[in-house]
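K.L.:
Fold the following for me, if possible:
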Amino acid sequence: MLRSPFRKITTLLSVYYAYMVEYRAELFFWVLSGSLPMILLGVWTEAANSVELQLSALDFARYFIAVFAIRQFTLVWVIWDFEKEVSEGKLSFALLQPIDPAWRHLAGHMSERLARLPFIAVLVFVFFVVYPDVRWVPSFGQVLLCLFTTAIAFGMRFLMQYTFAMAAFWVEKASAIEQTWFLFYIFLSGYIAPLETFPPLMREIALLTPFPYVIYFPAAIIMGLPVRLWEGLVVMAVWSLIFFVLNRYFWRKGLKHYAGMGA
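P.N.:
Next up is the predicted model:
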């Protein structure tokens, strides 16, 4: 009985991986487009050399290298794909297939990660060659825990954005919701500054939101910074469950509205 779902998963992954590999040059530029952490690395290391901060210049450099790599694996764009499918009527054809369209989007994202991996590895390797002092060797446990939390972070981020995408059933530009949400994501996820630089109260508030766990949490783990591991996993699980329930609710309501429009 398990063979059929496994075959569906492997087929989806292989098909979307082949599709992604066809656009290797474009993938390279997508990876480069996420190089803002490399710029911020220089800004924060210079700041650490000028004034006393909780992290050293070396810690900041390592942190933003970790942020660059982790964000490459937690990027999500499903809201734009889903919005296009609804507005152009392509969702109707997807609904004829015996599989929830969410699995196709998820397979596309996961396959893109595999195709993107060599570019990420090369860029990180080049950086370590140019700046050998920044190199560090995390423990095996840190690597496994970072991979685990990054996978959960990706799943949570996918659920969040796919839930916002459900608005496409009722409004023309569901992506506007994501763009507003992205402002909070930029400031609270640790993308432009580690949470160690936040005021204590703001940091505690941020840790109750899903944002820090998408980037900061896995980055802090791979660096060996102190984190509240179990508390973080519980927060991630709670937010994932909330968005999963909302997603399924709006999916059912949205399909009725979509069918009512004559699709």
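
K.L.:
From now on I want contacts and neighbour counts done on CA atoms only, so please keep to that.
P.N.:
Fine.

K.L.:
and residue 226, which of the three is it?
P.N.:
Look at residue 226: counting by DSSP: H, G, I helix; E, B strand; the rest coil, its state is coil.

K.L.:
For it, which non-adjacent residue is closest in space?
P.N.:
Nearest residue to residue 226 in three dimensions, chain neighbours excluded: residue 220, at 7.3 Å (Cα to Cα, 6 or more residues apart in numbering).

K.L.:
Return the residues in contact with the one you found.
P.N.:
Shown in contact with residue 220 (Cα atoms under 8 Å, 6 or more residues apart in numbering): 63, 226, 227.

K.L.:
Give me the contact list for stretch 81-101.
P.N.:
So stretch 81-101 is contacted by 165, 168, 169, 172, 173, 174, 175, 263 (Cα under 8 Å, 6+ apart).

K.L.:
which among the residues you listed end up buried?
P.N.:
Neighbour counting with 16 or more other Cα atoms under 10 Å marks 165, 168, 169, 173, 174, 175 as buried within those.

K.L.:
Look up how far residue 85 lies from the fifth one.
P.N.:
Spelled out, that is residue 174. Per Cα to Cα, to the nearest Å, residue 174 is found 12 Å from residue 85.

K.L.:
List the residues that contact residue 170.
P.N.:
For residue 170, the contacting residues are 254, 257, by Cα under 8 Å, 6+ apart.

K.L.:
mind checking the backbone torsions on it?
P.N.:
Here the main-chain torsion angles of residue 170 (degrees, to the nearest 10) amount to phi -120, psi -30.

K.L.:
about what we covered before: quick one: mean pLDDT for the helix or strand harbouring the residue nearest to residue 226?
P.N.:
Take DSSP states H and E as the rule and residue 220 turns out to sit in helix 216-223. For helix 216-223, the per-residue pLDDT values average out at 93.

K.L.:
ditto for stretch 145-156
P.N.:
Here stretch 145-156 scores 95 as its mean pLDDT.

K.L.:
contacts for that stretch?
P.N.:
70, 73-76, 213-215, 217-219, 221-222, 233, 236, 239-240.

K.L.:
can you check stretch 237-255 too?
P.N.:
Against stretch 237-255 from outside (Cα under 8 Å, 6+ apart): 155, 156, 159, 160, 162, 163, 166, 167, 169, 170, 210.

K.L.:
burial count for the first one?
P.N.:
Okay, so that is residue 155. Other residues near residue 155 come to 17 when the count uses other Cα atoms under 10 Å.

K.L.:
Then residue 144?
P.N.:
Counted with other Cα under 10 Å, the neighbours of residue 144 add up to 13.

K.L.:
Residue 94 too?
P.N.:
Around residue 94 there are 14 residues (other Cα under 10 Å).

K.L.:
hmm, back to that, quick one: least confident of the contacts of stretch 81-101?
P.N.:
By predicted confidence (pLDDT), the lowest-ranked of these is residue 263, with 46.

K.L.:
Any idea how far apart the tips of stretch 157-172 sit?
P.N.:
Comparing the first residue of stretch 157-172 with its last one, the separation is 22 Å (Cα to Cα).
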